[in-house]
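Undergrad: 3D, please:
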Amino acid sequence: MDTKTFSSEEERNEYIAGDREKRIELDTADILLDLEKLRDESQKINEASKELNNFYVELENNLRGCQISNTFFLKTDDSTKPEDGDFRLCCTEEVSKDCAPVVSTFYFWRIGWCRIGDKWRLAAQKYRINPVEGEKPHHEVVGDPIRLTYGPRDLRTAAAHRMRYLIHALLKQVMYDRHCTQNALERIRPLVESVRGL
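TA: Next up, the predicted model:
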């Protein structure tokens, strides 16, 4: 099918001039052209998404090799640069019109590191924002964490822009935990000797 091109919508309408057959012909050609572009764009985004997932799997394997056994999710106050904003990713709104007044519920994701099944993984946790009186709304966990690579594409894409903050915050948490463990060991050393002497 030959594709006719027009410099404007007006020129297209002049060509059609009320002829139903011409309109169907042009609409069909436009749909076929858009489908071809859609197929090409979808293939590109799927390839990019696969590459992103491969990166997350490699990073996950590296972190697992560090034997990090701390559950940790990135929160706003973990930012090293406050101007980078919140770490609530992929906010969505659900409107309930079944009740009066109409209620809007907002959902968002946080990325982190936790045990899922029998392995430690890069993870995503979904939250619901419950509006309350006052300045700070209540954030309620929705379901169990999921592996980041199983999350929606928009979440995986947004997470890439926050990954360095997650790794840095995780490092700070591990350093803090090491410090606490060292202090605990120093505290019990005299007791260890006493217990061994029993």
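Undergrad: Which segments of this protein make up each domain?
TA: 1-65, 68-196 (automatic domain parsing).
Undergrad: among those domains, where is the model least confident on average?
TA: Mean pLDDT values for the domains of the chain show the minimum at domain 68-196, a mean of 82.
Undergrad: shouldn't Cys91 be in contact with Phe106?
TA: Yes - between Cys91 and Phe106 there is a contact under C-beta atoms under 8 Å: 6.0 Å. C-beta coordinates here come from the backbone N, C-alpha and C atoms, glycine included.
Undergrad: more neighbours, the two?
TA: Legend: neighbour count by other C-beta atoms under 10 Å for Cys91 and Phe106, higher for Phe106 (16 against 13).
Undergrad: Pretty sure that one sits against Cys90.
TA: No - when contacts are counted by C-beta under 8 Å, Phe106 is not listed as touching Cys90 (11.0 Å).
Undergrad: Let me know the helix or strand that the most centrally placed residue in the chain is in.
TA: The centre of the chain sits closest to Leu155, judged by C-alpha atoms, centre = their mean, with a distance of 2.5 Å. Using DSSP states H and E, Leu155 maps to helix 153-160.
Undergrad: Tell me the buried residues in that helix?
TA: The neighbour-count check on helix 153-160 (16 or more other C-beta atoms under 10 Å) flags 155-159 as buried.
Undergrad: For the helix or strand following it, buried residues please.
TA: As assigned by DSSP H and E, the chain's next helix or strand after helix 153-160 is helix 163-196. For helix 163-196, the neighbour count (16+ other C-beta under 10 Å) marks 163, 165-166, 169-170, 173 as buried.
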